[in-house]
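Colleague: A structural model of the following input is requested.
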Amino acid sequence: MNDSSKIIDVISSNLDKVREQLDPGLFISALVAALVAAFAASALYRIFYERRGTGSQVHRSFPLLAIAITTLFVGVQISIPLSLGLLGSLSIIRFRTPVKEPEEVGFIMLVIAASISAATFNFAFIAYMYAAAIIALLIMRGAATARWLRRDGLIVLTMSKDVALASYSSIEALLRERTGRLTLESSASHGGQTTYQYVFSSLKCDVATLEAGLGGIAPITSLSVFLDRPGGIK
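Modeller: Numbers count the residues shown, from 1 in each chain. Next up is the predicted model:
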């Protein structure tokens with residue numbers, strides 16, 4: 001018997017053991033539980049983070065991730081040789097697209113943890129984990145909407161140095177009137193131009209109205225508004 005025949009016999013015997021040990025009904029139950037958990041994670045992502053402008057819509061991959069991870073870990077439990085082969089095949093995979101938002105890592109880990117729990121048939125763990133995740137997300141959203149914890153973004157104003165000296169008080173008074181909270185974070189002058197950078201929360205008007213109000217006080221060279229929460233501006 002040559003080496004190839006021995007390899008085929010070993011693989012066949014391992015597959016026979018897998019068929020004997022694996023209950024199809026239990027395996028399907030694990031896949032269904034992982035899929036339900038993946039769709040729940042996708043819904044949570046869309047509810048809490050879909051409005052972010054730099055996200056990669058990673059939630060679209062959650063169902064396939066759940067199926068693949070669950071199947072992988074079921075196979076790992078059943079046969080050690082099979083698990084080594086599966087892990088070896090996964091070593092060729094490389095993820096070249098960077099994760100654009102930090103919360104995406106958390107949601108991916110949520111899907112992985114739920115899939116492993118489903119693969120080990122600890123279905124109650126999934127319910128407990130998602131209950132804790134929902135509570136955590138609600139707490140984070142509540143903290144973000146509390147005005148005293150909010151930091152909605154930056155306002156960067158550039159104007160000539162002479163205008164800045166003459167109109168600083170009026171400009172800051174207008175900005176304080178149009179925002180819930182305002183803090184001067186930095187000031188820089190270079191080449192006859194002065195730049196003020198403010199941290200603000202709760203912008204009370206749209207950017208066009210803010211720009212018109214500032215233009216009525218003094219000639220502004222440029223106005224830039226940067227948001228920490230895309231979609232949160234009026």
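Colleague: buried ones in whichever helix in the chain runs longest?
Modeller: Criterion DSSP state H: the longest helix present in the chain is helix 24-49. Neighbour counts using 16 or more other C-beta atoms under 10 Å place 27, 30-31, 33-38, 40-42, 44-45, 48-49 of helix 24-49 among the buried residues. Any C-beta I mention is one placed from the backbone N, CA and C, and that applies to glycine too.
Colleague: next helix or strand past it?
Modeller: helix 62-78 (DSSP states H and E).
Colleague: Distance from that next one to the middle of the chain?
Modeller: 23 Å (C-alpha atoms, centre = their mean, to the nearest Å).
Colleague: Walk me through the domains of this structure.
Modeller: 3-145, 148-227 (automatic domain parsing).
Colleague: what packs against the helix or strand harbouring residue 195?
Modeller: Element membership of residue 195 [criterion: DSSP H and E] is strand 193-203. In terms of contacts (3 or more C-beta pairs under 8 Å, 6 or more residues apart in numbering; DSSP states H and E), strand 193-203 is packed against strand 153-160, helix 161-178, strand 179-190.
Colleague: winner for burial among those?
Modeller: Highest mean neighbour count of the helices and strands packed on strand 193-203: strand 153-160, a mean of 19 (counted as mean count of other C-beta atoms under 10 Å).
Colleague: Show me what it pairs with in its sheet, parallel or antiparallel.
Modeller: Here strand 153-160 has these sheet partners by DSSP bridges: strand 193-203 (antiparallel), strand 222-227 (antiparallel).
Colleague: Out of these, flag the one nearest residue 140.
Modeller: Closest approach to residue 140 among the strands paired with strand 153-160 (C-beta to C-beta): strand 193-203, 16.7 Å.
Colleague: so what does the next helix or strand after that closest one touch, helix or strand wise?
Modeller: From strand 193-203 onward toward the C-terminus, using DSSP H and E, the following helix or strand is helix 207-217. Helix 207-217 makes packing contacts with helix 161-178, strand 222-227 when contacts are defined by 3+ C-beta pairs under 8 Å, 6+ apart.
Colleague: rerun at 6 Å
Modeller: Counting contacts by 3 or more C-beta pairs under 6 Å, 6 or more residues apart in numbering; DSSP states H and E, helix 207-217 packs against helix 161-178.
Colleague: Please enumerate residues in contact with the helix it packs on?
Modeller: With C-beta atoms under 6 Å, 6 or more residues apart in numbering as the contact definition, helix 161-178 has outside contacts at 182, 189, 192, 194, 204, 205, 210, 213, 217, 218.
Colleague: from the middle of its chain, how far away would it be?
Modeller: With C-alpha atoms, centre = their mean, you get 37 Å for helix 161-178.
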